[in-house]
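A.B. asks: I need the structure of the sequence given here:
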Amino acid sequence: MSRPGSSDSEPRTHHPDDPLGAAVWRLRSRGCWEDAAALLAPRATTDAAVALQRSVVLTERCVFTSAGWHAAEDALRAAEALAVTDEERGAAACERGYLAYASTLFGTRDRADEARAALGRAAALLPPGSAVRPRLDFRRGLIAQHLGGDAAGAQAAFQRAHAAAAAGGDALLRSSTWRHLAAMAERAGDTAQARHGFAESLRIREELGYLIGIAPALAALAAVEPEPDASRLRAEAARLVRLLGGVPAWLAERLTAPENG
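C.D. replies: Numbering: from 1, shown residues only. From the prediction side, this is the model:
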């Protein structure tokens, strides 16, 4: 089973007139999840949206480090307790599904049924025009791909999320959908399309300054580039992983395996 990589956390970037969001984004993009969660903590006790954002931050840490599961679970429960509207409950259910998916994929516990049920609940609760729906489509694609072995269903979900992310201006989610669609093109033998998609994913992450997501994008592109470009991209990915203290953990393991060096 392949690892999800950083792209699967697809956090939204902040709104330009939101100082707290800007500060949280700067910390998250450099892997300082505990500091980001601490900034959100005071408002997270009473504000459902902020509580959910704090949950997202701590779940993202789990995806990158394979650690911190209890803290992410506690933060999500707190967000669920504050959710009142269908939109809020649906967004929390979407995060519940993603946390369960990540927990299953990284081998801490099999929560595949919980992941599917939570995303189904999110689909029932979220209104058609909800800003959360593109993320929900993407995550349903992840489950179809990684837990269900349903390539056709995964591709359809990724394509829906890709189009909606473009329409809604969610650049980081679009980076994630580019990456997953490119990976599917690679498996289908369409190297040119794979190279284009991986390059677009990398470009977006560099433009957004999403530092922790750049190394996985470099490594993915390296897999479809000829030498010497492939070695150069892998070396740059390894340098960034070292700079970030071994994050993401799954990529650090791969880059330091005997066959890689």
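A.B. asks: show me the helices in the stretch 51-200 of the chain, by range?
C.D. replies: 69-82, 86-105, 112-125, 133-142, 151-168, 171-187, 191-208 (DSSP state H, counting those that start in this stretch).
A.B. asks: mean confidence for the longest one?
C.D. replies: It stands for helix 86-105. The average pLDDT for helix 86-105 rounds to 97.
A.B. asks: next: the first one.
C.D. replies: In this model, helix 69-82 has an average pLDDT of 98.
A.B. asks: just the angle for it relative to helix 86-105, thanks.
C.D. replies: Here the directions of helix 69-82 and helix 86-105 differ by 160 degrees (axes from the mean of the first three to the mean of the last three CA atoms, to 10 degrees).
A.B. asks: buried residues, helix 69-82. List them.
C.D. replies: Neighbour counts using 16 or more other CB atoms under 10 Å place 69, 71-73, 75-76, 78-80, 82 of helix 69-82 among the buried residues. Yep, even glycine has a C-beta here, placed from its N, CA and C like the rest.
A.B. asks: one more: the third one?
C.D. replies: Residues 112, 114-116, 118-119, 121-123, 125 are the ones in helix 112-125 that count as buried (16+ other CB under 10 Å).
A.B. asks: quick one: it to chain centroid distance?
C.D. replies: How far helix 112-125 lies from its chain's middle: 17 Å, per CA atoms, centre = their mean, to the nearest Å.
A.B. asks: output the contacting helices and strands for it.
C.D. replies: helix 86-105, helix 133-142 (3 or more CB pairs under 8 Å, 6 or more residues apart in numbering; DSSP states H and E).
A.B. asks: still on that earlier bit, so which of the helices of the stretch 51-200 of the chain comes closest to L58?
C.D. replies: Each of these has some distance to L58 by CB to CB; the shortest is helix 69-82, at 4.0 Å.
A.B. asks: just checking, what packs against the closest one?
C.D. replies: Based on contacts counted as 3+ CB pairs under 8 Å, 6+ apart, the elements that helix 69-82 packs against are helix 33-44, helix 48-65, helix 86-105.
A.B. asks: that older thread, tell me the most buried of the helices of the stretch 51-200 of the chain?
C.D. replies: Mean neighbours per residue, mean count of other CB atoms under 10 Å, is largest over the helices of the stretch 51-200 of the chain for helix 133-142, with a mean of 25.
A.B. asks: that one vs helix 86-105, what angle?
C.D. replies: Angular relation of helix 133-142 and helix 86-105 on a 0 to 180 degree scale: 30 degrees, by the same axes, to 10 degrees.
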